[in-house]
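J.: Give me the fold of what follows.
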Amino acid sequence: MIDSRQVSVLSAMGIPVWQYRNNAAEDVTSEDDNVVEQVDNSVLLARIEQATWLICHDSDNTQQTQRLVQSILLAIDVPMTQVCLLTTAELKALESETIANAEHKQLLTFGESIVKQLFGESATVEQHRYEPQFTLNSKLTTLVNVGLDSLLTAPETKKQLWQSLRHLRPTT
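T.: Here you go, the predicted model:
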């Protein structure tokens, strides 16, 4: 286990620091080819407590998507130490929870299915992008974007992403 000084040095050099996740907190079971993820809400709240930025996307978690998320965060000067990546199941679990200091947190979402999950089945990315939205008890500032797969395959969507990122409010 590395100490906090080592984490800060590695972060300053741009080297990602991976944390061991206890799988006891999240059980993944398969039912009729559908994967259902059980989320321990207390563990989830503890994970996001120190984070300023929450990120949820509906794309496959590949090296390309991970690098893209890191590049986006670098472009808006957000260190990975302030970020908590959420699965769609964890985002759904947060809907029933009260998040401490939610007014100081930003949620970046990437993908149509996330928008539908947060705003209803008829919602689209185009309806909610460019302006920060408020979700999860109206305290969490949420910025809606196209999916990471679209950003990787359609360069014109990167310009739209940058336009929407400029609407983020500074956090303290």
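J.: Which strands or helices does the longest helix that the chain contains pack on?
T.: What stands out as the longest helix in the chain, according to DSSP state H, is helix 63-75. Packing partners of helix 63-75 (3 or more CB pairs under 8 Å, 6 or more residues apart in numbering; DSSP states H and E): strand 53-57, helix 148-153, helix 156-165. No exception for glycine: its C-beta is placed from N, CA and C like everyone else's.
J.: wait, which of those is closest to residue 98?
T.: For the helices and strands packed on helix 63-75, the distance to residue 98 is smallest for strand 53-57, at 14.8 Å, taking CB to CB.
J.: now what about that closest one, what contacts it?
T.: Contacts to strand 53-57, defined as CB atoms under 8 Å, 6 or more residues apart in numbering, come from residues 48, 65, 69, 73, 78, 82-88, 90-91, 105-111, 114, 140, 147-148.
J.: from memory residue 135 sits against residue 118, does it?
T.: Yes - in this structure, residue 135 is within contact of residue 118 by CB atoms under 8 Å, at 5.1 Å.
J.: Give me the common contacts of these two.
T.: residue 142.
J.: where exactly do the helices run in the protein?
T.: So, for the chain - with DSSP H - the helices run 4-12, 41-49, 63-75, 88-94, 112-119, 125-128, 148-153, 156-165.
J.: Tabulate these (TSV), appending distance to residue 55, mean pLDDT and mean neighbour count.
T.: Listed next are those as TSV, based on distance: least, CB to CB, whole Å; pLDDT from 0 to 100; neighbours: other CB atoms under 10 Å:
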stretch	distance to residue 55	mean pLDDT	mean neighbour count
helix 4-12	17	70	12
helix 41-49	11	84	15
helix 63-75	6	88	15
helix 88-94	10	85	19
helix 112-119	10	90	19
helix 125-128	15	86	16
helix 148-153	10	89	18
helix 156-165	12	81	14
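J.: Please convert those to a markdown table, extending it with distance to residue 57.
T.: As requested, the helices of the chain are exported to a markdown table (distance: least, CB to CB, whole Å):
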| stretch | distance to residue 57 |
| --- | --- |
| helix 4-12 | 22 |
| helix 41-49 | 16 |
| helix 63-75 | 7 |
| helix 88-94 | 9 |
| helix 112-119 | 7 |
| helix 125-128 | 12 |
| helix 148-153 | 5 |
| helix 156-165 | 12 |
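J.: Quick check: bridge partners of the spatially most central residue of the chain?
T.: Centroid check for the chain by CA atoms, centre = their mean gives residue 55 as the closest residue, at 0.8 Å. Residue 55 has these beta-bridge partners by DSSP bridges: residue 85, residue 108.
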